[in-house]
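**Student:** Need a 3D model of the following:
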Amino acid sequence: MLALPNGKIKHLFSFILGAFLLQFTIGIQWIHQLISSMAVYIIFLVLPAKTAKTVVPVFMMLYITAGHLHRQYINYLGWDMDFTGPQMVLTMKLYSLAYNLYDGELLNKGKEDRAAKKCADVSVRSLPGIIEYLGYTFCFATVLAGPAYEYKFYENACDGSLLYDKSGKPKGKIPSQIWPTLRPLLGSLLCLGIFVVGSGMYPLLDPADPQNADPILITAEMLAKPAFVRYGYSWLALFFIRFKYYFAWMNAEGANNIWYAGFEGFDDNGKPKGWEVSNNIDVIQFETAPNLKTLSAAWNKKTANWLAKYVYIRTGGSLFATYGMSAFWHGFYPGYYMFFMSVPLISFCERLGRKKLSPRFDNGSKWGPYAIVTRVVTSLIVQYMIQPFQLLAFDWALVNWKNYYFAGHIACVIFYVLVSSLPSPKKKEA
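**Tutor:** Purely as a prediction, here's the structure:
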């Protein structure tokens, strides 16, 4: 029997179990993950890192584009699970790895690069072997719903360098993984229950025929009600829908923590840092966010990390490129673009508010009057903007916004015009 080093056994096990999970959930469609993974590995072998960091993202985005278009053509507005979900996770992994290898090459050569320095801690200095590579791309704990964390974290967990030094001595007191595993598991079950019960009480789509019948929000019965009643219903419906994502991400977090992949390692004094590597959602922080920046940082954290490190800073800080890429990655339903292209409007208003209003009213209290107002306004405006993301279809989303008289967009424009006219507050003298 062929003897494999212990690290390679872990990688091989990760690949085999991940492939099994895909076969169990989406059937033979998991071949898409294998084809795209192997195609990218060949690109890494053949092309220099400088070229691959462009070719690989383009290839992966084209592949997921084809998948989304095919899905929308054969099952428009359907919610059946197919390969596009896991392929979205794989897209983030390989897109990131292409830049990790490029950054690693620049750092090996001692070249000055601002983005590479920012991402130095996750740079990869050489192409992983095929077993290690497939173990990462098919990692059983992330293959279905993510989180798509960096290759470096996966590698360190598999080869033991996360916990032990080269002599085999622990880098610090290794914490138990029992509670970090049970906590998200129990949390995920609670979230599943809340989703099932809450969405049953406040469904967004017609439970009898969600794919074809008008959503509850735009039925004649609902449109006959006052705007504040309709908005209150939509707020609750979207609130409960989010719990299905909380369930999936918390479940995956526990699956990673059980083998320490979610552990951050030790600091210079040998003290454990925490378990944030596989944490993909902070429910309380998201639900009480005082601004869009905090809200975005708490939701789908590893996707936000991907967009920040490999889109935002690589495009000179372009919000339109970042939110456009996010919409493109999600698919081609008009609702995605209606939402993501509206988000910069909120961002512009927030930046203006921090510049001209926060110095006047913010006293630094987390739950002071100004902080409470910002939390309420953030929740109200984001819930309005995000409705097309769930409705998907252009006509459904347009009718919905139209019956609110586009109040959210108009409020943002009015806010921007009025606050822009205010004089900038004087900076406090040191």
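
**Student:** how about low-confidence regions in the chain?
**Tutor:** Residue ranges of the chain with pLDDT under 70: 1-7, 427-430.

**Student:** Grab the longest helix from it for me.
**Tutor:** Across the chain, the helix with the greatest residue count (assigned by DSSP state H) is helix 227-257.

**Student:** List the buried residues for stretch 86-104?
**Tutor:** 86-104 (16 or more other Cβ atoms under 10 Å). In short, each C-beta sits where N, CA and C put it, glycine included.

**Student:** With stretch 14-21 instead?
**Tutor:** Under the neighbour-count criterion of 16+ other Cβ under 10 Å, stretch 14-21 has 14, 15, 17, 18, 19, 21 buried.

**Student:** Make TSV out of the residues you listed and add distance to residue 143.
**Tutor:** Formatted as TSV, the buried residues of stretch 14-21 follow (distance: Cβ to Cβ, whole Å):
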residue	distance to residue 143
14	9
15	10
17	9
18	4
19	8
21	6
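
**Student:** from these, which ones fall inside helices?
**Tutor:** If you go by DSSP H, the buried residues of stretch 14-21 have 14, 15, 17, 18, 19, 21 in helices.

**Student:** Of the residues you listed, which is the nearest to residue 37?
**Tutor:** Top of the list for closeness to residue 37, among those and by Cβ to Cβ, is residue 15 at 9.7 Å.

**Student:** Pull the contacting residues for the spatially closest residue to residue 187 that is not a sequence neighbour.
**Tutor:** Closest residue to residue 187 apart from its sequence neighbours, by Cβ to Cβ, 6 or more residues apart in numbering: residue 250 at 4.7 Å. Counting by Cβ atoms under 8 Å, 6 or more residues apart in numbering, residue 250 makes contact with 184, 185, 187, 188, 191, 281.

**Student:** 6 Å - rerun?
**Tutor:** For residue 250, the contact set (Cβ atoms under 6 Å, 6 or more residues apart in numbering) comprises 184, 187, 188.

**Student:** What of residue 285?
**Tutor:** Counting by Cβ under 6 Å, 6+ apart, residue 285 makes contact with residue 298.

**Student:** ok, now residue 311?
**Tutor:** 322, 325 are the contacts of residue 311 under Cβ under 6 Å, 6+ apart.

**Student:** what kind of secondary structure is it in?
**Tutor:** helix (DSSP: H, G, I helix; E, B strand; the rest coil).

**Student:** where's it relative to residue 126, distance?
**Tutor:** Applying Cβ to Cβ, to the nearest Å, the value for residue 311 to residue 126 is 25 Å.

**Student:** cool, and residue 267?
**Tutor:** Distance of residue 267 to residue 126, computed by Cβ to Cβ: 27 Å.

**Student:** and if you look at residue 387?
**Tutor:** Taking Cβ to Cβ, one finds residue 387 at 47 Å from residue 126.

**Student:** Just want to know which of these two has more residues nearby.
**Tutor:** Counted by other Cβ atoms under 10 Å, residue 387 and residue 126 do not tie: residue 387 has more neighbours, with 25 against 9.

**Student:** Let me see the contact set for that one.
**Tutor:** residue 400.

**Student:** can you tell me which helix or strand it belongs to?
**Tutor:** Using DSSP states H and E, residue 387 falls within helix 369-391.

**Student:** ok, and the closest non-adjacent residue to residue 345?
**Tutor:** Sequence neighbours aside, residue 412 is the residue nearest to residue 345 in space, at 4.8 Å (criterion: Cβ to Cβ, 6+ apart).

**Student:** Phi, psi for the one you found please.
**Tutor:** When quoted as degrees, to the nearest 10, the phi and psi of residue 412 stand at phi -60, psi -40.

**Student:** measure it to residue 292 for me?
**Tutor:** Distance check for residue 412 against residue 292: by Cβ to Cβ, it reads 11 Å.

**Student:** Please, where are all the helices along the stretch 201-350 of the chain?
**Tutor:** Counting by DSSP state H, counting those that start in this stretch, the segments of the stretch 201-350 of the chain that form helices are 220-223, 227-257, 283-287, 292-298, 301-307, 319-330, 334-340, 343-356.

**Student:** Now render those helices as CSV, adding distance to residue 82.
**Tutor:** Conversion of the helices of the stretch 201-350 of the chain to CSV gives the following (distance: least, Cβ to Cβ, whole Å):
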stretch, distance to residue 82
helix 220-223, 31
helix 227-257, 16
helix 283-287, 27
helix 292-298, 27
helix 301-307, 19
helix 319-330, 14
helix 334-340, 17
helix 343-356, 27
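
**Student:** residues near the nearest residue to residue 258 once chain neighbours are set aside, how many?
**Tutor:** Once flanking residues are discounted, residue 258 sits nearest to residue 181: 4.5 Å by Cβ to Cβ, 6+ apart. Other residues near residue 181 come to 20 when the count uses other Cβ under 10 Å.

**Student:** pretty sure residue 181 is touching residue 255, no?
**Tutor:** No - between residue 181 and residue 255 there is no contact under Cβ atoms under 6 Å: 8.2 Å.

**Student:** Got the phi and psi for residue 268?
**Tutor:** When quoted as degrees, to the nearest 10, the phi and psi of residue 268 stand at phi -60, psi -20.
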